[in-house]
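A.B. asks: Can you look at this prediction? I've put the sequence above it.
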Amino acid sequence: MLEFSHIVYEVVIWIFLLYSAAIFLISAWVGIYAYGAVIRYKHDNSYTDYNLIATNVNAPRFSLIAPAYNEGMTVVENVRSLLSLYYHNLEIIIVNDGSRDDSMEKLIEAYALESVSFFIQGDLETKEIRGIYKSKNAAFKKLIVVDKENGGKADALNVGVNISSGDYIVCIDVDCILEQDALLKLAKPFLEQTDKRVIACGGVIRLANNCRIENGKVVDVNLPKSWLGRTQALEYIRAFVLGRMAWSRASGLILISGAFGAFDKQIVLACGGYDSKTVGEDMELVVRMRRYMEEQKLAYEVVNIPDPLCWTEVPESKEILKKQRNRWMRGTMETLWKHRKLMFNPKYGRLGMISMPYWFFFEFLGPVIEFSGYIIFLIFLFLGIINWPFFFALFALVISSGILYSIYAILVDLVSHQVYTKKQDLSKLIVTAILEPFYFHPIVVGAGVRGVVDYFRKQHSWGDMKRQGFQQGAEDIPFFKRIGLQLRIGLKNYGAVSLVFLVLYMLSVAVEWWWYSRQFPQLGQSNGVIPLLLNNLIFAFQILSGCGLVYLIVQLVHLSLARILSIVLLSFVVVMQYILFLYFAESRNLLGADMFYYNTAEMMQIWKRVVC
């Protein structure tokens, strides 16, 4: 039995080692390739005069589409920000997706809107349109407001696509703040396309949390105050400056952020627009557009530029963050399943042979494999077959590699377009990179695993993504105080279960000692009770520690599941304690040893004597 456990241990260790090595190699490639892409972009844009694009009447027409749902508190200011963008040939389409607040009333009043007759060009199927509004004020001639029945973000975007008159559509979240020259920089890749058609383009997304916003512009850039916000600032740097730049250069990019991205309208219509049945409509559309181009055998590319073009607010509440990452995971799984035909299909080139397998094995399976690694570690700890020097060496390597990768991302960001220019920002980001693996990463992994569970439970909800507002300060709870609070909550929930386990377990020890004292009178006159008590107490606390770790990990996914799992595990230990004692009392042999010396019939005969 022990030999078999060690064989399983070796196999599992090699699987995790190979997977970790693959992640390390891919991360190294991403880092090197992204740096080259950033340097090349800076060189190519050194002498670009964006004023020529801004004043060119023949520049391609862009239709900016912003869905809005219950954004009454900020919608007027956000629309004012969009109207201040530097681009001549532009229309701005605000789609009120059946808001239940006063969003429409505020827009009508602020921009002197009136209902108009309007020719709808596209034929994408959407919810009913209640009305289309334009301003009586010539200063707002670029603005179109659509009022429609609620149908979700994808449905609202499809309404905007149908109404738009531009060659390219720019899809954003209405509560995002765009740089005034964002469309000029976004238009450049479309203007430079030659033999390859640019079908989608995205830019770097930055965090507006704790930044000072005036008249729809970011006038003072600051890192978020909370640790949760700072870790997301670091995460966005890694994702956009490294990840998406590398995949863009390698022609393998399959995701343009839903917060801000531009698309070729003709291809969007040819593909059928956004899929309203998925919660990951941004990724799914890009994959479908690329699939369409591959099937039509047309040369194309999806690009990302390293300029910070858009500012968005990220959740600084752990619960909202979990819902967001849960939705991202479900969206990823829906896209991968819907387009499973592409996986390892050479007909689809890099899309089928590289991009889709990468997303499946590392973006989707990554959290699942990591979470299973925690569970396997606890099992091996229980069995006592862990090679501790090797474990600590591997643990240090994994943690240090992640920290160095984050620091490298910060340095590449300095080269590309650093927006955190204050002296203390760099040190704060580096400290955040060191602490992230122990605080932020477990939350994201837990939310990802919960997303997998919810996907198979057919959960399709978007989740409550209530924001704090750009002008509000984030709750600044110190890191160690937050950790202490989380530990207190965990100990409080786990304490009652642990106490019941200790009582039942020590009761079994008392029964065991009573039997020993009756069967072996000489023990009753010795001090054997003390070693027995101490040994069993040590074992009980080892069990409680192991189950406690399982509880703290699983509660990130589901609190009730963690409680049930801990009760089941501890109950199993107590029951096994009685079973082993009864077996020994009857046979005078250890059950584990007997399994090697007795056949099944003999074991059953002993069990019958125990039961009877």
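C.D. replies: Looks like it arrived, so ask away. Predicted model, so just to flag it, every value in this text is computed and none were measured.

A.B. asks: is it true that Gly202 touches Gly261?
C.D. replies: Yes - counting by Cβ atoms under 8 Å, Gly261 is a contact partner of Gly202 at 4.5 Å. Just so you know, the C-beta spots here come from the backbone N, C-alpha and C atoms, and that holds for glycine as well.

A.B. asks: between the two, which one's more packed in?
C.D. replies: Taking other Cβ atoms under 10 Å, Gly202 and Gly261 do not tie; Gly202 has more neighbours (28 against 25).

A.B. asks: Dig out what that one forms beta bridges with.
C.D. replies: Gly261, Asn304 (DSSP bridges).

A.B. asks: Identify the residues contacting it.
C.D. replies: Taking Cβ atoms under 8 Å, 6 or more residues apart in numbering, we find Gly202 in contact with 244, 256-257, 260-262, 303-305.

A.B. asks: repeat for Asn162
C.D. replies: 120-124, 126.

A.B. asks: Helix, strand, or coil at it?
C.D. replies: helix (DSSP: H, G, I helix; E, B strand; the rest coil).

A.B. asks: now it, nearest residue through space, not along the chain?
C.D. replies: Nearest residue to Asn162, sequence neighbours excluded (Cβ to Cβ, 6 or more residues apart in numbering): Gly122, at 3.2 Å.

A.B. asks: And that neighbour, how far from Cys547?
C.D. replies: 57 Å (Cβ to Cβ, to the nearest Å).

A.B. asks: So which of the two has more stuff around it?
C.D. replies: Set Gly122 next to Cys547 and count neighbours by other Cβ under 10 Å: Cys547 wins out with 24 against 16.

A.B. asks: My understanding was that the more buried one contacts Val568; is that so?
C.D. replies: No - with contact defined as Cβ under 8 Å, Cys547 does not reach Val568; the gap is 9.7 Å.

A.B. asks: what do these two both touch?
C.D. replies: Common contacts of Cys547 and Val568 (Cβ under 8 Å, 6+ apart): none found.

A.B. asks: residues of stretch 358-374 that come out buried?
C.D. replies: Residues of stretch 358-374 classed as buried: 358-360, 362-364, 366-367, 369-371, 373 (neighbour count, 16 or more other Cβ atoms under 10 Å).

A.B. asks: Tabulate these (a markdown table), appending secondary structure.
C.D. replies: As requested, those are exported to a markdown table (three-state DSSP):
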| residue | secondary structure |
| --- | --- |
| Tyr358 | helix |
| Trp359 | helix |
| Phe360 | helix |
| Phe362 | helix |
| Glu363 | helix |
| Phe364 | helix |
| Gly366 | helix |
| Pro367 | helix |
| Ile369 | helix |
| Glu370 | helix |
| Phe371 | helix |
| Gly373 | helix |
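
A.B. asks: Let me know the closest of these to Glu179.
C.D. replies: Compare each of the buried residues of stretch 358-374 with Glu179 using Cβ to Cβ and the shortest gap goes to Glu363, at 28.2 Å.

A.B. asks: Now do the same contact list for the closest one.
C.D. replies: Thr332.

A.B. asks: From Ile237, how far out is it?
C.D. replies: Taking Cβ to Cβ, one finds Glu363 at 18 Å from Ile237.

A.B. asks: Next: Tyr50.
C.D. replies: Between Tyr50 and Ile237 the distance is 24 Å, computed by Cβ to Cβ.

A.B. asks: any low-confidence regions in the stretch 501-612 of the chain?
C.D. replies: Counting by pLDDT under 70, the stretch 501-612 of the chain has low-confidence residues at 515-529, 532, 555-560, 581-612.

A.B. asks: any idea where the strands of it begin and end?
C.D. replies: Counting by DSSP state E, counting those that start in this stretch, the stretch 501-612 of the chain has no strands at all.

A.B. asks: do the same with the stretch 101-250 of the chain
C.D. replies: 113-115, 129-135, 143-148, 168-172, 177-178, 197-207, 212-214, 217-220.

A.B. asks: which stretches of the stretch 201-350 of the chain form helices?
C.D. replies: Along the stretch 201-350 of the chain, counting by DSSP state H, counting those that start in this stretch, helices occupy 227-236, 245-249, 265-271, 281-295, 318-338, 349-350.

A.B. asks: In the fourth one, which residues are buried?
C.D. replies: So that's helix 281-295. 281-294.

A.B. asks: I'd say the residue nearest to Asn162 and Val161 touch.
C.D. replies: Yes - in this structure Gly122 lies within contact range of Val161 using Cβ under 8 Å: 5.4 Å.

A.B. asks: So for these two, which residues contact both of them?
C.D. replies: With Cβ under 8 Å, 6+ apart, Gly122 and Val161 have common neighbours 269, 273.

A.B. asks: Give me the distance between Ile443 and Ser401.
C.D. replies: Taking Cβ to Cβ, one finds Ile443 at 20 Å from Ser401.

A.B. asks: Which one of the buried residues of helix 281-295 is nearest to Asn536?
C.D. replies: Closest to Asn536, out of all of these and judged by Cβ to Cβ, is Met283, at 53.6 Å.

A.B. asks: wait, the closest one sits on Met329?
C.D. replies: No - at 11.4 Å, Met283 does not count as touching Met329 under the criterion of Cβ under 8 Å.

A.B. asks: what would the buried residues of stretch 358-374 look like in CSV with distance to Pro224 and pLDDT?
C.D. replies: What follows is the buried residues of stretch 358-374, written out as CSV (distance: Cβ to Cβ, whole Å; pLDDT from 0 to 100):
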residue, distance to Pro224, pLDDT
Tyr358, 30, 96
Trp359, 28, 96
Phe360, 32, 96
Phe362, 27, 94
Glu363, 25, 93
Phe364, 28, 94
Gly366, 25, 94
Pro367, 23, 94
Ile369, 30, 94
Glu370, 25, 92
Phe371, 27, 92
Gly373, 30, 90
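
A.B. asks: Would you quantify the distance from Ala139 to Leu183?
C.D. replies: Taking Cβ to Cβ, one finds Ala139 at 19 Å from Leu183.

A.B. asks: Counting neighbours around each, name which of the two comes out higher.
C.D. replies: Leu183 (27 against 10).

A.B. asks: So which of the contacts of Asn162 is surrounded by the most neighbours?
C.D. replies: Thr126 (24 neighbours).

A.B. asks: and that residue, backbone torsions?
C.D. replies: phi -140, psi 170 (degrees, to the nearest 10).

A.B. asks: now do Gly166
C.D. replies: Dihedral angles for Gly166 - degrees, to the nearest 10 - are phi -80, psi 160.
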